[in-house]
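Colleague: coords below, sequence missing:
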């Protein structure tokens, strides 16, 4: 597609832009006469028809009927999204003054709240892909409950708090030994990724053995019941109603799309389907009239931001929504 971008003249790109943006606005096939009138083009209707025919030959447009105007093809949407649509966020930012005002004035607003508002303003379904692979232990605390039970409180670098209860066998574990163990864990495990706590705790066995009688019992208890974290990758979907209400996508396809965006990396899905160049944003337009845009971002928790919609969605707003949310994530990181 990069070759087409190099070869396609400026006036051809301009006509394609007008056709797609008008079709997104109206959902009706676009005629040459309509383009000349709407955009006050300084070329004849016949010239516009000739250009539209060229774009059709390239697979960027298609006819829905012999006598009708043209509509964008999946290839046309993809070309537009990659090479024509603007990624400017200023317009969207103006519409989101409230979000950014709160940010600038240090009024707390969560990224979840911001993502919901961005989704509503842009009119798109937003997806963030989250991973705990870089989430680390920040604090560990022992809270005795009674002679037989204690609660271990873990605080992570993502601000999450986990409360885990362990059972004490009096004949094997005493409260003083437990305090010593927690003190060692606090000294040696803070800063360790939570998914690696178990293996790192196991490596502390020689150190624990010096000051704790039944160190193996305590260690196994912690490994099995406290440090038992696993790798988690999940998607958060904002504005799910936008894709559900997309009239161009069949109901059965929407069900499939919802399952996909809730359980899979959009970036990886696009990467598997298309041989892509080195791109920071990946785009896929499918034959079922669905469109996916995904961007990898440099954040510890959120790994990618994606948009899903109908192929005739507003791509300018979609790119702006991704960029606006990425800006907020970066801003939070810098604070």
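Modeller: Nice, I can see it. What you see is a predicted model, and the numbers here were worked out from it, not measured in a lab.

Colleague: tally of neighbours for residue 213?
Modeller: By other C-beta atoms under 10 Å, 13 other residues sit near residue 213. Heads up, the C-betas are built off the backbone N, CA and C, glycines and all.

Colleague: Likewise for the one 3 residues further on?
Modeller: Counted with other C-beta under 10 Å, the burial measure for residue 216 works out to 13 neighbours.

Colleague: try the one 4 residues further on
Modeller: Applying other C-beta under 10 Å, we find 13 other residues in the vicinity of residue 220.

Colleague: Check the spacing between it and residue 211 real quick.
Modeller: As defined by C-beta to C-beta, to the nearest Å, residue 220 lies at a distance of 17 Å from residue 211.

Colleague: quick one, strands of the chain?
Modeller: Counting by DSSP state E, one finds strands in the chain at the ranges 61-63, 70-72, 125-131, 137-144, 149-156, 161-167, 233-238, 281-285, 290-296, 302-310.

Colleague: tell me what the third one is packed against?
Modeller: Contacts defined by 3 or more C-beta pairs under 8 Å, 6 or more residues apart in numbering; DSSP states H and E place strand 125-131 against helix 111-122, strand 233-238, helix 240-244, helix 266-273, strand 302-310, helix 315-334.

Colleague: So for residue 255, which of the strands of the chain sits nearest?
Modeller: strand 290-296 (11.9 Å; C-beta to C-beta).

Colleague: Check which residues of the closest one are buried.
Modeller: 290, 291, 292, 293, 294, 295 (16 or more other C-beta atoms under 10 Å).

Colleague: Each with direction, which strands does it pair with?
Modeller: Partners of strand 290-296 in the sheet, by DSSP bridges, are strand 281-285 (antiparallel), strand 302-310 (antiparallel).

Colleague: Helix 266-273 and that one, what's the angle between them?
Modeller: When axes from the mean of the first three to the mean of the last three C-alpha atoms, to 10 degrees is applied, the directions of strand 290-296 and helix 266-273 differ by 110 degrees.

Colleague: which residues sit against strand 290-296?
Modeller: With contacts defined as C-beta atoms under 8 Å, 6 or more residues apart in numbering, strand 290-296 is touched by 77, 81, 246, 249, 253, 257, 266-267, 269-270, 280-286, 303-311, 313, 315, 318-319, 322, 326.

Colleague: Throw together a PyMOL command that grabs the buried residues out of these.
Modeller: Per 16+ other C-beta under 10 Å, the buried members of the contacts of strand 290-296 correspond to this PyMOL selection:
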select buried, resi 77+81+246+249+253+257+266+267+269+270+281+282+283+284+285+286+303+304+305+306+307+308+309+310+311+313+315+318+319+322+326
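
Colleague: What are the buried residues along stretch 78-87?
Modeller: For stretch 78-87, a neighbour-count test (16+ other C-beta under 10 Å) marks 78, 79, 80, 81, 82, 83, 84, 85 as buried.

Colleague: can I get the residues you listed in a markdown table with distance to residue 233 and pLDDT?
Modeller: Output for the buried residues of stretch 78-87, formatted as a markdown table (distance: C-beta to C-beta, whole Å; pLDDT from 0 to 100):
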| residue | distance to residue 233 | pLDDT |
| --- | --- | --- |
| 78 | 27 | 87 |
| 79 | 31 | 91 |
| 80 | 31 | 92 |
| 81 | 26 | 88 |
| 82 | 27 | 86 |
| 83 | 31 | 89 |
| 84 | 33 | 90 |
| 85 | 29 | 86 |
